[in-house]
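[1] kindly generate the corresponding structure for this input.
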Amino acid sequence: MAIHDFQRNNTKVWLVGGGIASLAAAAFLIRDGGIPGHRISIVEELDKLGGSLDGSGTAVDGYVLRGGRMLESKYLCTFELFDSIPALDGTRSVTAEIFAWNEAIKTNSKARLARNGVRETAPAFGLTEMDILTIERLAIEPEFMLGATRISDHFDPAFFRTNFWFMWCTTFAFQPWHGAVEFKRYLVRFAHMVDGFSRLNGIMRTVYNQYDSMVRPLHKFLAERGVGFEMNTRVTNLEMIETGGKTRVVAIRRQTGGQTRDTLVGPDDLVVVTLGSMTESSSLGTMTTPPSPHIRDTGGAWALWKTLAAGRPSFGKPGVFADHVDESKWVSFTATMHGTDLPRIIREFTGNAPGEGGLITFPNSGWLASIVMPRQPHFIGQPDDVAVLWGYGLSVDAIGTFVKKPMSACDGTEILTEILGHLGIQKEAAKILETTICIPCMMPYITSQFLPRSQGDRPQVVPEGFENLAFVGQFCELPDDVVFTVEYSIRSAQTAVHLLPGLQREPPPVYKGTFDPRVLFKAFMALHDMHA
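    Numbers count the residues shown, from 1 in each chain. Here you go, the predicted structure:
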């Protein structure tokens, strides 16, 4: 029990960061901890909640999605939380809405890969026996033995030209230089999906983008219960004292409108901090200008983590994740289509209705670009005659196939031109460019959580010896689960809430399909391009 004599009505909870981890923690504190909503404050540096689960813009100016997180049925913490959160229409829970939606529209891609203007349905993995043996070894090898090795340390170069790798790396955003430990965790965590991987079977989507479908209902739930939201406020430090071998936070330093003030943290109060940020320093371009390469490393969640970790080994090593931008960046783009040509062409090209096919990857693209056409409308209030497409590229410093420039230096027109080239669109290209708004987004830290790490580089959710402090988000340590997922952030929030107030409860265990012989058999057959 982290707090002596826990008094719910006397406790004030400060949640630093307004992303999904903090929002989930607030809901768990109310639901499981019995803390009144008015005793909870969420402090956010920006003017909008949701963190990386964002969605903004208009049909006139163009919609923007920096990213999109896949869901699947074994996200146990996510669906347990949202089973308590009413959907915006109030007719059922968010979880019930998501499952009903995915029961009606099942993902079954007929064009997971596309080369030379031709779709490939259920492409073979193309793995060698040595590749498969290496995958199997990584799945069972203890993490401490893998250490900070990279994926490329374990495979021959030819592995990174297989269909398996093209599908794996673009589904999850892995690079060859990313950590072998994270790759291993993904192999184990999603073993039950390997059999249908070439068709994206089992991938689940929300009705709208995840900001509209998840963040907005959760925000509404919290606001109705009196949770406070302090926007445009940056936390710069926490003051701590040690007494009797225990350390506690006693004050929070924050800045609002250029003014700095300290807020005292009482003896029964809790502080929960979201560490790091995948979308820090994100910048948007336009149809005629590329996104800015500027990186802001003096503010936000990274600066706070570096300040807190200085001289405190138990708080992890933020530089491991924040100081290697060339290995963690990529560019996404959102296309708002006012004409019907491109949606029609994509539907005919893929053989899938919007929302049924999922990610389409162009392996021949110098940028290793992918696109996805979600079910429309993808935004609440989106006009019927407007459609939205999202995509991204992993190799942003490479030269494009049709546009002879690095993706990172391209504006929206150039990015859309590259995509049209891979779709084999020529006759309609000029009209599509005239009727589409393509907004690129550079994200320097987007895969920073995948960078090679060693034990201790990520802190525990509740650092040893601390009474009233917890860390949540993508950069704390949760055994077995995988980063770059909504589930990881929500599991960290549930873990923090259940540890700090001493509720004597635990989140549901991470699903482990590798203990199911049927899962292992199907995965084995699929890796060998055979299907049971």
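[2] and the chain, what are its domains?
    For the chain, automatic domain parsing gives the domain ranges 8-58+69-85+208-280+296-318+453-499, 113-201+512-527, 330-443.
[3] Leu76 is in contact with Pro508, isn't it?
    Yes - at 4.2 Å, Leu76 counts as touching Pro508 under the criterion of CB atoms under 8 Å. Quick note: C-beta positions are derived from backbone N, CA and C, even for glycine.
[4] follow-up on the earlier one: export the domains of the chain to TSV and tack on distance to Met287?
    As requested, these are exported to TSV (distance: least, CB to CB, whole Å):
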stretch	distance to Met287
domain 8-58+69-85+208-280+296-318+453-499	13
domain 113-201+512-527	24
domain 330-443	4
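[5] higher neighbour count, Leu76 and Pro508?
    Between Leu76 and Pro508, counted using other CB atoms under 10 Å, Leu76 has the larger neighbour count: 17 against 12.
[6] mind checking pLDDT for Ser56?
    Ser56 is assigned a pLDDT of 96 by the prediction.
[7] what's the neighbour count on the nearest residue to it once chain neighbours are set aside?
    Distances taken as CB to CB, 6 or more residues apart in numbering place Val64 nearest to Ser56, at 5.0 Å, with adjacent residues excluded. Val64: 23 surrounding residues under other CB under 10 Å.
[8] and Val64, what is it in contact with?
    54-57, 284, 334, 439, 441 (CB atoms under 8 Å, 6 or more residues apart in numbering).
[9] pretty sure Trp14 belongs to a helix, no?
    No - read with DSSP: H, G, I helix; E, B strand; the rest coil, Trp14 is strand and lies in no helix.
[10] if I pick it, what's in contact with it?
    Shown in contact with Trp14 (CB under 8 Å, 6+ apart): 41, 43, 252, 263, 265, 269-272.
[11] want to throw the residues you listed into TSV with distance to Val118 and neighbour count?
    Listed next are the contacts of Trp14 as TSV, based on distance: CB to CB, whole Å; neighbours: other CB atoms under 10 Å:
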residue	distance to Val118	neighbour count
Ser41	55	18
Val43	51	23
Ile252	57	22
Thr263	60	14
Val265	61	21
Asp269	61	20
Leu270	56	29
Val271	55	24
Val272	50	29
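[12] of those, which is the nearest to Asp411?
    Nearest to Asp411 out of those is Val43 (CB to CB; 35.5 Å).
[13] who's in contact with the closest residue to the closest one other than its chain neighbours?
    Using CB to CB, 6+ apart and skipping the chain neighbours, the partner closest in space to Val43 is Glu230 (4.7 Å). The neighbours of Glu230, taking CB under 8 Å, 6+ apart as the test, are 41-44, 254, 256.
[14] mind putting the contacts of Trp14 in CSV, distance to Gly339 and secondary structure included?
    Conversion of the contacts of Trp14 to CSV gives the following (distance: CB to CB, whole Å; DSSP: H, G, I helix; E, B strand; the rest coil):
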residue, distance to Gly339, secondary structure
Ser41, 46, strand
Val43, 43, strand
Ile252, 51, strand
Thr263, 52, strand
Val265, 55, coil
Asp269, 55, coil
Leu270, 52, strand
Val271, 51, strand
Val272, 46, strand
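[15] and the helices in the stretch 101-250 of the chain?
    For the stretch 101-250 of the chain, the helices defined by DSSP state H, counting those that start in this stretch occupy 129-140, 143-146, 163-172, 180-189, 210, 216-224.
[16] Ile35 is nearest to which of these?
    Evaluated with CB to CB, the helices of the stretch 101-250 of the chain place helix 216-224 nearest to Ile35, the distance being 11.8 Å.
[17] what mean pLDDT does that closest one get?
    The model assigns helix 216-224 a mean pLDDT of 98.
[18] could you list the buried residues of that helix?
    216-219, 221-222 (16 or more other CB atoms under 10 Å).
[19] ok, so of the contacts of Val64, who is nearest Leu359?
    The closest of the contacts of Val64, once distances to Leu359 are taken by CB to CB, is Thr334, at 14.7 Å.
[20] ok, now how distant is that closest one from Lys306?
    For Thr334, the distance to Lys306 equals 31 Å [CB to CB, to the nearest Å].
[21] and these two? Which one has more around it.
    A side-by-side neighbour count of Thr334 and Lys306, using other CB under 10 Å, places Thr334 first with 27 against 18.
[22] could you identify the helix or strand that succeeds the longest helix along the chain?
    What stands out as the longest helix in the chain, according to DSSP state H, is helix 486-499. As assigned by DSSP states H and E, the chain's next helix or strand after helix 486-499 is helix 517-527.
[23] how far does stretch 309-325 stretch from one end to the other?
    20 Å (CA to CA, to the nearest Å).
[24] what sits up against that stretch?
    Counting by CB under 8 Å, 6+ apart, 275-276, 295, 297, 302, 305-306, 308, 328, 444-445, 448-449, 451-454, 456-460, 463-465, 471, 475-476 sit against stretch 309-325.
[25] which of those count as buried?
    Among these, those scoring as buried are 275-276, 295, 302, 305-306, 308, 328, 444-445, 448-449, 451-454, 457-460, 463, 471, 475-476 (criterion: 16+ other CB under 10 Å).
[26] which stretches of the stretch 101-250 of the chain have low pLDDT?
    Across the stretch 101-250 of the chain, nothing is flagged by pLDDT under 70.
[27] before we move on, back to that, the contacts of stretch 309-325 in strands, which ones?
    Phe471 (DSSP state E).
[28] which non-adjacent residue is nearest Arg189?
    Val482 (4.8 Å).
[29] contacting residues for that neighbour?
    Counting by CB under 8 Å, 6+ apart, Val482 has contacts 182, 185-186, 189-190, 488.
[30] can you rerun that using 6 Å?
    185-186, 189 (CB atoms under 6 Å, 6 or more residues apart in numbering).
[31] ok, the contacts of Trp14 vs Gln382, which is closest?
    Nearest to Gln382 among those, counting by CB to CB, is Val43 at 31.4 Å.
[32] confirm that Thr288 sits in a strand.
    No - applying three-state DSSP, one finds Thr288 to be coil, outside a strand.
[33] that one: how many residues sit nearby?
    Thr288, neighbours per other CB under 10 Å, totals 9.
[34] what of the one 3 residues further on?
    The criterion is other CB under 10 Å. On that basis, Pro291 has 23 neighbouring residues.
[35] mind checking the SS state of it?
    Pro291 ends up coil, using three-state DSSP.
[36] tell me the spacing between it and Cys441.
    The value you get for Pro291 to Cys441, if CB to CB is used, is 6 Å.
[37] who touches both of those two?
    Leu284.
[38] my guess is Ile371 meets Trp390, correct?
    No - with contact defined as CB atoms under 6 Å, Ile371 does not reach Trp390; the gap is 7.0 Å.
[39] which one is Thr233 nearest to, not counting chain neighbours?
    Counting by CB to CB, 6+ apart, the residue nearest Thr233 is Thr256, at 4.6 Å.
[40] the one you found pairs with what?
    With DSSP bridges as the criterion, Thr256 is bridged to Thr233, Gln259.
[41] all numbers from here: first residue = 27
    Understood, numbering begins at 27; the last thing we discussed is Thr282.
[42] what's the pLDDT at it?
    Per-residue confidence for Thr282 comes out at a pLDDT of 93.
[43] in this structure it contacts Arg260, no?
    No - with contact defined as CB under 6 Å, Thr282 and Arg260 do not form a contacting pair (7.8 Å).
[44] could you pull up the residues touching Met304?
    Counting by CB under 6 Å, 6+ apart, Met304 has contacts 78, 471-472.
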